[in-house]
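J.: need a 3D model of the sequence below.
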Amino acid sequence: MIWLWSIITGNMNLILMLSVFLWSNSLSKEYSIELLEEIIDNRYTDDSLENFIKIQSDWERYKIEFEKQYNSPDEELKRMKTYMDNSKLIEKHNDLFQRGVYTYELGHNEFSDLSDEEYQELYSQDPIQEGDNYPTIETTYHERPLNFDLSSLVDAVDDSSLIDDNSSSNEELSPSFARHIQDGKPPFSIDWRKLGGVTPVKTEGSCGAHWAFSATGSLEGQIFRKFHRLVSLSEQNLIDCAGKKYHNNGCKNGTALNAFKYVIKNKGIDTNLTYPYKGKQQWFCKYKKLPTNPQVHGVLVLPRGNETNLAAVIAKSGPVSVAIDATGNKFRFYIRGVYNNPHCNSVRLTREMTVVGYAPNYFILKNSWGHKWGLSGYMLLGRTGHNQCGVATRAVLPLV
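T.: Numbers count the residues shown, from 1 in each chain. Sure thing, here's the model as predicted:
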């Protein structure tokens, strides 16, 4: 069919291209013909077929980079076509980015061979119900009035690291930061990664326990602030032990707030060294009580929807657990730039992350999809003053 179609159209370049492709790529001849027939019949014109060799080469590189293996040629056929569809989406968006329509770029990642339906089923979980956000039980957490006095921040970390984006020197506290401390206002910008209060980006894999990673992210920052040491805490401990009793559901869903309630009640949380990550919920809780295990004594629930308060608490106290609306392909394929999405929801929140800093026009969010997603595992979420994507709707901070 392809050869006849090529001869009829008189496209000798296409005939040569197909010949080279069929005998040079790693798939079987029959499989390649089937793939090309479907592409010609359903998707591509004569002009677009000229790019097919490049697409095939990109596909091979993609499989190597993300260590993709498939059970059969049919499965790979399906995945490659999905990859090509997502490539068109990414290219269209990035073309508009180059024209100034968007403030961020998209790119391929481990989700590029998944259809929208598959991605939603595997990674985009149901919104956490409002009843789970701010439950009132005993005294396992308490709200405290916010205090924007930043003087304690200077005593807890190296002053020389507290510089704003306009500072050219790392040798002294920037005048901008010093002035803000004196005025009782948050600094111009802060990045707790540069201050040493953030562990390397982690990978949740196929276990959707984003809530556990969000919880450990902010708690690790609090331990750093108080004890001047950075310890990687155990998400597996939370997945296995902070279950239905605390309104969490392992790899399915949960909240950082409920994770902190468990740590309070349990009087501690394990480290990744003694309770390593398995990427699935195990049958039994294997927590080992040690005198060195970090404890949580309360949880600060920030005022809803207030980005200014969120920035102030980040500056004064360190990384904060938040939840955002992470639905849609824009979030899925984010790779760099400041993410501004007027269509995301500030109430229907589907994913928990950790805010580790900010600048005047964005918050720095740490994700748990590994370093190959986004900006080496991070996202810059635009600060609009209107609680974009719900970043300030459910912000909580553990108190140690």
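J.: all contacts plus neighbour counts: C-alpha atoms, from now on.
T.: OK.
J.: what segments of the stretch 201-350 of the chain are strands?
T.: Applying DSSP state E, counting those that start in this stretch to the stretch 201-350 of the chain gives strands spanning 298-301, 320-324, 334-339.
J.: now the helices for the stretch 301-400 of the chain?
T.: Counting by DSSP state H, counting those that start in this stretch, one finds helices in the stretch 301-400 of the chain at the ranges 307-317, 329-332.
J.: for the longest one, packing partners?
T.: So that's helix 307-317. The contact analysis (3 or more C-alpha pairs under 8 Å, 6 or more residues apart in numbering; DSSP states H and E) places helix 307-317 against helix 151-156, strand 351-359.
J.: mean pLDDT for these: which is lowest?
T.: Ranked by mean pLDDT, these bottom out at helix 151-156, with a mean of 33.
J.: could I get the full set of helices for the stretch 51-200 of the chain?
T.: Counting by DSSP H, counting those that start in this stretch, the helices of the stretch 51-200 of the chain are 52-65, 73-98, 116-122, 151-156, 175-183.
J.: for those helices, which one sits closest to residue 267?
T.: Among these, the nearest to residue 267 by C-alpha to C-alpha is helix 151-156 (24.4 Å).
J.: redo the helices of the stretch 301-400 of the chain as CSV? Include distance to residue 376.
T.: Output for the helices of the stretch 301-400 of the chain, formatted as CSV (distance: least, C-alpha to C-alpha, whole Å):
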stretch, distance to residue 376
helix 307-317, 21
helix 329-332, 14
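J.: to residue 355, which of the ones you listed lies closest?
T.: helix 307-317 (7.7 Å).
J.: tell me the angle of that closest one relative to strand 351-359?
T.: Helix 307-317 runs at 80 degrees relative to strand 351-359, counting by axes from the mean of the first three to the mean of the last three C-alpha atoms, to 10 degrees.
J.: which parts of helix 307-317 are buried?
T.: Judged by neighbour count using 16 or more other C-alpha atoms under 10 Å, the buried positions of helix 307-317 are 307, 309-317.
J.: which of the residues you listed lies closest to residue 286?
T.: residue 317 (30.7 Å).
J.: thought the closest one was touching residue 224?
T.: No - using C-alpha atoms under 8 Å as the test, residue 317 is too far from residue 224 to be in contact (10.2 Å).
J.: quick one: which of the helices of the stretch 51-200 of the chain is nearest residue 396?
T.: Of all those, it is helix 151-156 that lies closest to residue 396, at 18.8 Å by C-alpha to C-alpha.
J.: check what pLDDT the residue nearest to residue 68 when sequence neighbours are not counted gets.
T.: Once flanking residues are discounted, residue 68 sits nearest to residue 62: 7.9 Å by C-alpha to C-alpha, 6 or more residues apart in numbering. As predicted, residue 62 sits at a pLDDT of 94.
J.: and residue 62, how many neighbours?
T.: Residues lying near residue 62 (other C-alpha atoms under 10 Å) number 18.
J.: grab the nearest non-local neighbour of residue 255.
T.: That would be residue 211: by C-alpha to C-alpha, 6+ apart, it lies 5.0 Å from residue 255.
J.: show me the contacts for the one you found.
T.: Applying C-alpha atoms under 8 Å, 6 or more residues apart in numbering to residue 211 gives the contacts 253-256, 259, 351-353.
J.: gap between stretch 349-356 and the chain center?
T.: Distance, stretch centre to chain centre, for stretch 349-356: 8 Å (C-alpha atoms, centre = their mean, to the nearest Å).
J.: put the alpha carbons of that stretch into CSV.
T.: What follows is stretch 349-356, C-alpha atoms only, in CSV (Å, rounded to 0.1, in the frame of the first residue of the first chain):
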residue,chain,number,x,y,z
LEU,A,349,-6.1,20.3,44.3
THR,A,350,-4.5,17.0,43.1
ARG,A,351,-0.9,17.0,44.0
GLU,A,352,1.2,17.9,47.0
MET,A,353,4.7,19.4,46.7
THR,A,354,7.2,21.4,48.8
VAL,A,355,7.8,25.2,48.3
VAL,A,356,11.5,25.7,48.9
